[in-house]
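Chemist: pasting the structure only:
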């Protein structure tokens, strides 16, 4: 099956970059701080970033002392931005689908992926390949769209009261893993829904030890500054996982 490369679509890419350039986007408020908080000490480590996008995280890993960072992505537009905006002598960017990392002939102390795993159909296969690429004692840290979001593919997302206030998020077909298609900047964006048990069991089956789950929600300070983020108290947008390979 051809791998979707939606980020090289001109309309999608323009919409995505405009969203990420907003200082108060959900990545900056919730996902990125949570992801960075899960990372081990990076001094002298080799890091692989799956779906590295424009390289913001790769540059941060280098700043934190990583001796070698390899960022891979399927999108030429993303990689062009990475090389332009986040170049560094210790960072290499390579055009490669995440599914193809089995071709790499080196080992890493940390594999990271930010909001890209839900684009991969064969999650279990990817997890096995990540495990094989890690040195003993290494870690796999990733974020994805929350399963309560990926399960939903159409219809009204919220149930509201007579004033239009959101009462709760609607959920559909949560227990059915598989492809979902939605409209986000463009029509026909494909993602893959997996239940919590699928996420966890694939990691355990590959040999990982589950160390931490995080579902970021707004604290009082964020709610005061961004009251619209109260929606996340009903349904977190993101799920983050840290798993380790035994030494």
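Modeler: Alright, I've got the coordinates. Please read all numbers here as calculations on a predicted model, not as lab measurements.

Chemist: hmm, who's touching the strand ranked longest in the chain?
Modeler: Taking DSSP state E as the criterion, the chain has its longest strand at strand 134-145. Applying Cβ atoms under 8 Å, 6 or more residues apart in numbering, the set of residues contacting strand 134-145 from outside is 31, 34-35, 38-40, 46, 50, 107-118, 127, 130-131, 150, 191, 199, 203, 208, 211, 237-247. In short, each C-beta sits where N, CA and C put it, glycine included.

Chemist: now with 7 Å?
Modeler: Residues outside strand 134-145 that contact it (Cβ atoms under 7 Å, 6 or more residues apart in numbering): 31, 35, 38-40, 107-115, 117-118, 130, 191, 208, 237-247.

Chemist: which residues sit in contact with residue 173?
Modeler: Counted by Cβ under 7 Å, 6+ apart, residue 173 has contacts residue 151.

Chemist: next one, pLDDT for it please.
Modeler: With respect to pLDDT, residue 173 has a value of 93.

Chemist: quick check on it: phi, psi?
Modeler: The phi/psi pair for residue 173 (degrees, to the nearest 10) reads phi 50, psi 40.

Chemist: so where is the chain shaky, pLDDT-wise?
Modeler: Along the chain, segments meeting pLDDT under 70 span 1-2, 184.

Chemist: quick one, helices of it?
Modeler: 10-20, 26, 32-37, 56-63, 76-85, 123-133, 147-150, 196-206, 220-225 (DSSP state H).

Chemist: how far away is the residue nearest to the spatial centre of the chain from residue 35?
Modeler: Nearest to the mean C-alpha position of the chain, by Cα atoms, centre = their mean, lies residue 115 at 1.7 Å. Counting by Cβ to Cβ, to the nearest Å, the separation of residue 115 from residue 35 is 9 Å.

Chemist: before we move on, what about residue 243?
Modeler: From residue 243 to residue 35 the distance is 14 Å (Cβ to Cβ).

Chemist: is residue 169 in a bridge, and if so with what?
Modeler: Beta bridges link residue 169 to residue 158, judged by DSSP bridges.

Chemist: oh, and call the first residue 399 from now on, that's how I've got it
Modeler: Yep, numbering from 399; the last one is residue 567 now.

Chemist: so it makes contact with residue 634?
Modeler: No - Residue 567 lies out of contact with residue 634 (Cβ atoms under 7 Å); the separation is 10.1 Å.

Chemist: quick one: contacts for the nearest residue in space to residue 432 that is not next to it in sequence?
Modeler: Closest residue in space to residue 432, ignoring its immediate chain neighbours: residue 614 at 4.6 Å, by Cβ to Cβ, 6 or more residues apart in numbering. For residue 614, the contact set (Cβ under 7 Å, 6+ apart) comprises 428, 429, 432, 634, 636.

Chemist: farthest residue from the center of the chain?
Modeler: residue 560 (35.9 Å).

Chemist: what does stretch 572-591 contact?
Modeler: Counting by Cβ under 7 Å, 6+ apart, 402, 404, 407, 409-410, 413-414, 516-519, 521, 543, 545, 548-549, 551, 592-593, 596 sit against stretch 572-591.
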